[in-house]
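**Student:** I'll drop the sequence and a predicted model, then ask my questions.
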Amino acid sequence: MRAGVLAAILIVAILVPLLNLIVPNNSPFHLSDYAVQLIAKIMCYAIAALAMDLIWGYTGVLSLGHGVFFALGGYAMGMYLMRQIGRDGNYRSNLPDFMVFLDWKTLPWHWTFSDSFAATLLLVLLVPGLLAFVFGFFAFRSRIKGVYFSIITQAMTFATMLLFFRNETGFGGNNGFTDFKRILGTPIATPSMRMTLFVLTGLTLIAFFLLARWLVGSKFGRVLQAIRDAETRVMFTGYDPLRYKLAIWVISAVMCGIAGALYVPQVGIINPGEMSPASSIEIAIWAAVGGRGTLIGPIVGAFFVNGAKSWFTQAFPEFWLYVLGAMFIAVTIFLPNGIVGLLRRKKEPA
């Protein structure tokens, strides 16, 4: 495991930057800007899939609403990036272009600290975490479980998406935020900034993997797995499942928020579409395909599914959704433990 983590750090922090920035474009070993951006985007998805594994794979709580936490972190970062545009927008105003177009005169109150990077980082943590705490407290206290919990998480996501679609909320409506220029005063489009964001995303993924591994190996993680397997027995032994489920639910939501904040400056856009129910369902699919309850499995699933999506949407765009559905059905029936489970089974002696 140590060797694998060290190899991952070396690839993210040294090998990829060398192949992209140093190796000439005409070399067969050159890694294109498109490939770097695609890998970075998938690493953001992998963080969300890892977060899903903690709450679903190790706690037995299937969430179909994690897309909202991912998007909220993205919107917090997007607000800062919109303020960084300054007077370089189409309307040459200190207000974001969409506000000028809608005849807004001043920034709404929730944009007050959006020009501060430190405040933005705090919001990336607090906004998804606070929503998760409030929602999770009432849901877990009411002992909502199984498919009912999954349904209300999806309802929460859909309601939030409809809210962000409204122009009067001050989040850009249907178009969301885009046309970012700078981050911390540095142009986003430069190769150095693009690679900085890539390395930061990769190291964050590795750090979250190590954190998740420590969590599930601790007493806290063992209680979570006991709740997954027999919650009633856990209650009879004197533990309060509410506290444990709420804690891992909030941790999982914050991880998704950080993934969304890393995603937005690299992709260049955030809109309510990221909150669609389909986006949350895809996060669950990544975890299932890779192998839930394994930590590495959701990461593998995120790369496998999104790599396939990247290829299919270019070669056969009209068939991708059918392929995705067939993939999920096949995994559910034939590979209940996902890709990682299959590989582990093959390594076992006959």
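**Tutor:** Received, thanks.

**Student:** so what are the domain limits for the protein?
**Tutor:** Residue ranges for the domains of the chain, per automatic domain parsing: 1-31, 44-277.

**Student:** and among those, the most buried is which?
**Tutor:** Across those, the average number of neighbours (mean count of other CB atoms under 10 Å) peaks for domain 44-277, which reaches a mean of 19. Placement of C-beta: from N, CA and C, glycine included.

**Student:** okay, how far is it across that one, tip to tip?
**Tutor:** Start and end residues of domain 44-277 are separated by 18 Å (CA to CA, to the nearest Å).

**Student:** now swap in stretch 88-105 and tell me
**Tutor:** By CA to CA, one end of stretch 88-105 lies 18 Å from the other end.

**Student:** next one: stretch 316-325
**Tutor:** One end of stretch 316-325 to the other measures 15 Å (CA to CA).

**Student:** list the buried ones in it?
**Tutor:** Within stretch 316-325, the residues scored as buried using 16 or more other CB atoms under 10 Å are 320, 324.

**Student:** spatially central residue for this protein, please.
**Tutor:** Closest to where the C-alpha atoms of the chain average out (CA atoms, centre = their mean) is residue 48, at 3.3 Å.

**Student:** what about that one, helix or strand, and which?
**Tutor:** Residue 48 belongs to helix 33-52 when assigned by DSSP states H and E.

**Student:** check which element follows that helix along the chain.
**Tutor:** Counting by DSSP H and E, what follows helix 33-52 is helix 66-84.

**Student:** who are the packing partners of that following helix?
**Tutor:** With contacts taken as 3 or more CB pairs under 8 Å, 6 or more residues apart in numbering; DSSP states H and E, helix 66-84 sits against helix 33-52, helix 117-141, helix 146-165, strand 177-178, strand 182-183, helix 241-267, strand 269-270, helix 277-290.

**Student:** residue 296: which of these is closest?
**Tutor:** For these, the distance to residue 296 is smallest for helix 277-290, at 7.6 Å, taking CB to CB.

**Student:** ok, residues contacting the closest one?
**Tutor:** Residues from elsewhere that reach helix 277-290, judged by CB atoms under 8 Å, 6 or more residues apart in numbering: 45-46, 48-49, 52-53, 56-57, 62-68, 70-71, 153-154, 157-158, 273, 296-302, 304-306, 324, 327-328, 331-332, 338-340.
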